[in-house]
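>>> show me how the following folds:
(one chain, ligands or ions: 1)
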Amino acid sequence: MSVLELLRLGNPLLRQVSKEVSDVPDAMLSQLIEDLQDTMEAHQGAGLAAPQIGVPLRVVLFGGGGLNPRYPDEMPIPQTVLINPVLTPIGVDLEDGWEGCLSVPGLRGKVSRWRRVRYRALDANSQPIERCVDGFHARVVQHECDHLDGVLFPDRLVDPAAFGFLSELEAAGLIAKVPNSNEEADTSINNICT
Ligand code: NI
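Modelled structure (predicted):
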């Protein structure tokens with residue numbers, strides 16, 4: 001098990017455009033996927049992208065683990081590995097929603113995303129995968145794929161005022177407070193990338 005250090009906002013490596021996976025030995029790719037899984041689970045995250053653990057390759061992981069306690073109304077997302085993902089919006093509808101990120105601990109911001117997207121990629125076994133998704137699933141995959149282009153959620157705020165520490169946003173009533181949660185849990189479980 002390898003739980004790796006997460007890079008945080010300000011680290012220039014998070015701003016790189018990651019490279020397509022090609023000619024990467026299977027063993028190296030398998031190790032990367034395992035490291036992403038171990039690191040994401042250790043932080044109870046909903047997703048993680050390879051550049052967040054310092055690997056500039058176009059690989060993301062998200063979902064798994066059943067219902068997220070911070071999003072009890074959201075359908076669970078199956079655990080998904082995407083290699084060289086390509087996203088295409090379906091329709092023109094946008095949706096605002098609060099996001100966090102393990103690379104931006106403790107903070108949340110409101111971000112506009114495509115409501116529905118199609119994604120195509122290779123899966124963990126290098127087999128083609130294609131899905132059309134909406135809502136929370138669509139938001140998560142857009143957030144993760146942004147990391148591959150060096151984009152983090154604070155770059156996409158709909159309003160600079162809709163950004164801040166989770167505890168402050170909860171106290172202000174901007175984000176619903178989850179009963180029995182504490183700051184420690186909030187900084188991990190709630191992060192959609194995180
Ligand atoms: Ni993130």
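
>>> count of neighbours near residue 91?
When neighbours are counted by other CB atoms under 10 Å, residue 91 registers 10. C-beta coordinates here come from the backbone N, C-alpha and C atoms, glycine included.

>>> mind listing the strands for the protein?
47-49, 59-62, 80-89, 94-99, 107-114, 116-122, 128-134, 163-165 (DSSP state E).

>>> so which of those strands is the most surrounded?
Mean neighbour count (mean count of other CB atoms under 10 Å) peaks for strand 47-49 among the strands of the chain, with a mean of 29.

>>> run a quick neighbour tally on the residue lying closest to residue 1 once chain neighbours are set aside.
Sequence neighbours aside, residue 38 is the residue nearest to residue 1 in space, at 4.9 Å (criterion: CB to CB, 6 or more residues apart in numbering). Residues lying near residue 38 (other CB under 10 Å) number 16.

>>> the longest helix along the chain to strand 116-122, inter-axis angle?
Using DSSP state H to define each element, the chain has its longest helix at helix 26-42. Helix 26-42 runs at 140 degrees relative to strand 116-122, counting by axes from the mean of the first three to the mean of the last three CA atoms, to 10 degrees.

>>> I'd like the distance between the residue nearest to residue 1 and residue 106.
To residue 106, residue 38 is 22 Å away according to CB to CB, to the nearest Å.

>>> is stretch 13-24 anywhere near the ion?
No: Stretch 13-24 does not reach the ion (CB under 5 Å from the ion); its nearest approach is 9.0 Å.

>>> touching, residue 79 and residue 47? I think so.
No: here residue 79 does not reach residue 47: they are 9.9 Å apart, not a contact under CB atoms under 8 Å.

>>> all good on my end, thank you.
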